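Colleague: Pasting a predicted model and its sequence here:
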Amino acid sequence: QVHINESGGGLVQPGGSLRLSCAASGAIFSISSMKWYRQAPGKPRELVALINDVGRTMYADSVKGRFTISRGDAENTVHLQMSSLAPEDTAVYYCNIAGSELESWGTQALDAWGQGTLVTVSS
């Protein structure tokens, strides 16, 4: 079983910065991508940023130039550095890990989600 732990959310003023962290643990065999999604009240969940197994990154247009996704020094960790935050960035942010996990009989596809961390941008 794979567990995802997110941290770093909170209340920040417009123009401020926050750093979200995500750590995956358990029977992970390989990771193909690590992603951050967010879901604002009354809106569908949207992909914010991803980093794949060779370090390629992708960002939603709404966060380009403001957010940076990176792998952490610790194994199976990913960070999301957010700057120039605006009220429209207010949402619950979710970490997603895709890859494969170990089972007693071999490996199977992994698609794990964290429980989310709330980011509120308000003065």
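Modeller: In hand now; what should we look at?
Colleague: Got the confidence number for the residue most central in space within the chain?
Modeller: Geometric centre of the chain, nearest residue: Trp36, 2.8 Å, by C-alpha atoms, centre = their mean. As predicted, Trp36 sits at a pLDDT of 98.
Colleague: Asn52 now?
Modeller: Asn52 is given a pLDDT of 96.
Colleague: hang on, Arg38 packs against Tyr93?
Modeller: Yes: counting by C-beta atoms under 8 Å, Arg38 does reach Tyr93; the two are 4.8 Å apart. C-beta coordinates here come from the backbone N, C-alpha and C atoms, glycine included.
Colleague: Now do the shared contacts for these two.
Modeller: Residues touching both Arg38 and Tyr93 by C-beta atoms under 8 Å, 6 or more residues apart in numbering: Val48, Val119.
Colleague: Let's verify the closest residue to Thr77 other than its chain neighbours: helix, strand, or coil?
Modeller: Take Thr77 and drop its neighbours on the chain: the residue closest to it by C-beta to C-beta, 6 or more residues apart in numbering is Ala23, 4.8 Å away. Classification of Ala23 using DSSP: H, G, I helix; E, B strand; the rest coil returns strand.
Colleague: can you start the count at 22 instead of 1 from here on
Modeller: New numbering, starting at 22: the last item is Ala44.
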